[in-house]
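K.L.:
what would the 3D arrangement of this be:
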Amino acid sequence: MKYSITNWEGLKLPSSTNRHLSTAAEAIRTSGAESVLDVGIGCGKWGLLCREYLDVFQGRTKPEEWKVKIFGVEGYEPYKRYYPWLAHIYDGICWNSIQDSFEFFIDGESGYDLVIAGDVIEHLTKTDALNVLGKLSWIARKRMILSIPIGTEWLNNVVPNENDLEKHRSVWDPNEVISAVMPAFAKNTTGMIFEPKGPIGLFIFDK
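P.N.:
Prediction:
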C-alpha cells in the first residue's frame, strides 16, 4: 500500500493510489465476470467496484438481486472490525494469509472469471509472490488484474499500526511481472501510473 488514512478510531490504515481506478473499473465491467476472487481486500475497494459494475451497473440494484459471486482473501483480521461493510460487499471472506487460502477457495470451485490482486504482490517475498502469481493465473478463468508498485523506491515503506503484512518485501519491474504470468494468458495490457514516490503498474491479463 502507498498511503495511510486515519479512521474514526484514530488508527492509521493503508490506502493506495486512485489514479488507475477508471481503467480498472472498465476492465472489471468488460470482464463480464460472474465470479470474482479479490486477493488482499483491505477496505474493500476492489470488491465494491466489482459489485457496482458487475451487478448494480447491470440494473441489479438491490442486494437480493445480485448474481455475481465475490469472494475475498485478507490476512489482517482486524479489518473485519474496522470495515463492517465488507460483509455486505463480499459473499465470503477467508481471513488468512494468501499462501494458506488457496485450498479454501479452490475446493468446490473450478476457478473464478476474474481475479484481482491490487497492491498485494509487493508485500510477499519474491519466492512466495511467484508461487502466488502462478496459482492466481491458474484460478483466473477469463481475466486477471494486478496493481503492483514498480522499482526499489517502494521498499522501506511506513507500516501502519504495526501490521507487518503491509511491509514491502519484493521489488518488481514490468517485464518480470509479465514473464511470471503470461504463459497462462493470451493477452496482456500494461499501464503505468507515475506517483511522486515512483511508478505503479496496472496489468490486465486475458485468456
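
K.L.:
show me the longest helix that occurs in this structure.
P.N.:
Longest helix in the chain by number of residues, with DSSP state H as the criterion: helix 126-139.

K.L.:
send the alpha carbons of that helix over as CSV?
P.N.:
In CSV, the C-alpha atoms belonging to helix 126-139 read as follows (Å, rounded to 0.1, in the frame of the first residue of the first chain):
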residue,chain,number,x,y,z
LYS,A,126,9.8,-12.9,-4.4
THR,A,127,9.6,-16.7,-3.9
ASP,A,128,6.2,-16.5,-2.3
ALA,A,129,5.0,-13.9,-4.8
LEU,A,130,6.0,-16.0,-7.9
ASN,A,131,4.2,-19.0,-6.3
VAL,A,132,1.1,-17.0,-5.7
LEU,A,133,1.1,-15.4,-9.2
GLY,A,134,1.3,-18.9,-10.7
LYS,A,135,-1.7,-20.1,-8.7
LEU,A,136,-3.7,-17.0,-9.4
SER,A,137,-3.0,-17.4,-13.1
TRP,A,138,-4.4,-20.9,-13.0
ILE,A,139,-7.5,-19.9,-10.9
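
K.L.:
so what's the model's average confidence on that helix?
P.N.:
Model confidence over helix 126-139, given as mean pLDDT, is 93.

K.L.:
could you do stretch 190-207 as well?
P.N.:
Across stretch 190-207, the average pLDDT comes to 89.

K.L.:
list the buried ones in that stretch?
P.N.:
193, 199, 200, 201, 202, 203, 204, 205 (16 or more other Cβ atoms under 10 Å). In this view, the C-beta of every residue, glycine as well, is placed from N, C-alpha and C.
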